[in-house]
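> Everything below, folded, please.
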Amino acid sequence: MELKVLNKTIQVQKKSYNRTIKRIIIFVASSVFLSFIILLSLRFGSVRFSTSEIINSISNKQVSAGRNIIVNIRIPRTLLCIMVGANLAVSGALLQAVMRNPLADPGLTGVSTGAGLAAVAIMLAFPSMAGFLPFVAFLGGAAASIMVFTLAWKSGIDPIRIILAGVAVNAILGGGISLLTVLYSDRIQGALMWLNGSISGKGWNNVSILAPYSVVGLLSGLFCIKTANILQLGEDVAKNLGLNVNNSRLILSIIAAFLAGISVSTVGLIGFIGLIIPHISRLLVGSDYRFMLPLSAILGSMILLFADILSRTLFSPVELPVGIIMAIFGGPFFLYHLRKRGAYKI
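Residues are numbered from 1 along each chain as shown. All right, here's what the predicted structure looks like:
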């Protein structure tokens with residue numbers, strides 16, 4: 001009897017050791033691949049550079065056209081992709097823990113549509129206030145998110161009510177966007193890039209604005225890993241473990257809405273990252289948020305960077321909004337996995 005227990009214990013330890021080694025390999029490989037994608041992002045675009053030219057341009061402070069492109073366009077654009085990709089992926093992962101719903105993403109809380117309505121209103125109806133666009137878009141996303149959670153609150157936050165309230169609020173705000181595009185159809189061209197999510201034209205000013213908020217939001221998400229893991233066990237189990245379920249859901253939802261809001265207000269509407277990246281991370285390292293959340297941040301940065309490279313090169317010199325690339329490839333990818341594996345369980 002004791003020998004059987006000992007053998008079982010050894011097998012469990014061996015399985016745990018193998019799982020840990022696998023996770024380490026995945027993290028190292030994804031980090032190396034992210035570095036490779038960063039290099040590609042600096043190299044490819046309307047103008048292509050070799051690796052040596054990039055190194056020389058960064059190290060040599062002498063003013064030149066190549067250095068200006070790399071330092072003032074490519075590097076800030078790459079940094080924005082890294083931050084926005086990580087923000088949206090972590091936001092989606094947190095919301096999936098809150099709602100225990102694998103289809104939850106930042107758009108479900110109204111952040112994207114609220115920010116879109118506010119931004120379109122500025123660009124079409126009040127173009128003289130364009131300088132306040134990121135701030136107003138963030139306020140619009142925050143207001144929409146508050147509206148969703150207010151409508152969903154009834155003696156606590158229920159995931160089903162959040163989803164239903166999110167669908168209703170998104171439909172209303174989406175109607176507002178459509179109304180503005182009809183009333184100001186002569187000005188819609190300037191708003192199309194933002195509505196489809198575009199990193200084109202962004203510079204160091206955008207990086208300096210987004211960076212501190214991203215650091216605060218991502219660190220806050222990491223501090224909530226234990227809470228997210230407990231919420232996955234179900235409401236009854238979480239309560240038995242002493243967790244205040246309503247407060248925990250509210251805190252995680254606020255962090256998720258904050259990460260999505262600051263990203264949308266900077267680069268516009270980019271979909272599918274918050275939806276598909278947590279799925280990929282869950283397939284690679286499991287549902288434990290200690291591993292899944294950091295990997296989601298890495299993969300989110302990697303996928304958005306790769307999509308941005310495609311947006312620059314597929315129809316060069318014409319540049320597509322990166323949101324279109326994510327929709328073209330993200331939608332079929334998600335449907336493929338949904339068809340192949342069925343509904344994901346959290």
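> Report the contact partners of Gln46.
Rather than Gln, residue 46 is Ser. Taking C-beta atoms under 8 Å, 6 or more residues apart in numbering, we find Ser46 in contact with 312, 316-317, 319. In short, each C-beta sits where N, CA and C put it, glycine included.
> which residues of the stretch 201-346 of the chain score low on pLDDT?
337-338, 340-346 (pLDDT under 70).
> before we move on, the earlier item: mark which of the contacts of Ser46 are buried, thanks.
Among the contacts of Ser46, those that count as buried by neighbour count (16 or more other C-beta atoms under 10 Å) are 312, 319.
> Now the two most distant members of the contacts of Ser46.
Farthest-apart pair in the contacts of Ser46 is Arg312 and Pro317; separation 9.3 Å (C-beta to C-beta).
> just to revisit the earlier point, nearest to Phe138, of the contacts of Ser46?
Glu319 (25.2 Å).
> Helix, strand or coil: sort out the closest one for me.
coil (DSSP: H, G, I helix; E, B strand; the rest coil).
> neighbouring contacts of stretch 170-181?
Contacts of stretch 170-181 (C-beta under 8 Å, 6+ apart): 107-108, 110, 113-114, 116-117, 120-121, 124-125, 144, 188, 191, 195.
> From what I see, Ile73 and Gly203 are in contact.
Yes. Judged on C-beta atoms under 8 Å, Ile73 makes contact with Gly203 at a distance of 7.2 Å.
> More neighbours: these two, which one.
A direct count of neighbours by other C-beta atoms under 10 Å for Ile73 and Gly203 places Ile73 higher, at 19 against 13.
> For that one, what are phi and psi?
With angles defined as degrees, to the nearest 10, Ile73 sits at phi -120, psi -60.
> three-state assignment of the residue positioned nearest the centre of the chain?
Residue closest to the average C-alpha location in the chain (C-alpha atoms, centre = their mean): Leu88, at 1.3 Å. Secondary structure, three-state DSSP: Leu88 is helix.
> Asn206: neighbouring residues, count only.
Neighbours around Asn206, by other C-beta under 10 Å: 19.
> Just the pLDDT at Leu39, thanks.
We have a pLDDT of 93 for Leu39.
> distance of the closest residue to it other than its chain neighbours from Phe44?
Computed as C-beta to C-beta, 6 or more residues apart in numbering, the closest residue to Leu39 that is not its neighbour in sequence is Thr51, at 6.7 Å. Counting by C-beta to C-beta, to the nearest Å, the gap from Thr51 to Phe44 is 12 Å.
> who has more neighbours, those two?
Phe44 (17 against 10).
> Tell me, how many residues neighbour Phe333?
Number of residues near Phe333 (other C-beta under 10 Å) recorded here: 16.
> Which elements pack onto the helix or strand hosting it?
Counting by DSSP states H and E, the element that carries Phe333 is helix 322-341. Helices and strands touching helix 322-341, by 3 or more C-beta pairs under 8 Å, 6 or more residues apart in numbering; DSSP states H and E, are helix 273-285, helix 289-313.
> List every C-alpha atom in that helix, with coordinates, as CSV.
Extracted in CSV, the C-alpha atoms of helix 322-341 (Å, rounded to 0.1, in the frame of the first residue of the first chain):
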residue,chain,number,x,y,z
VAL,A,322,-4.0,47.2,-38.2
GLY,A,323,-7.5,46.6,-37.0
ILE,A,324,-8.5,45.3,-40.4
ILE,A,325,-5.6,42.9,-40.4
MET,A,326,-6.6,41.6,-37.0
ALA,A,327,-10.2,41.2,-38.1
ILE,A,328,-9.2,39.3,-41.4
PHE,A,329,-6.9,36.8,-39.6
GLY,A,330,-8.4,36.8,-36.1
GLY,A,331,-11.9,35.9,-37.0
PRO,A,332,-11.2,32.8,-39.0
PHE,A,333,-8.5,31.7,-36.5
PHE,A,334,-11.0,31.9,-33.7
LEU,A,335,-13.7,30.1,-35.7
TYR,A,336,-11.2,27.3,-36.6
HIS,A,337,-10.4,26.6,-33.0
LEU,A,338,-14.0,26.9,-31.9
ARG,A,339,-14.9,24.3,-34.6
LYS,A,340,-12.0,22.1,-33.8
ARG,A,341,-12.1,22.0,-30.0
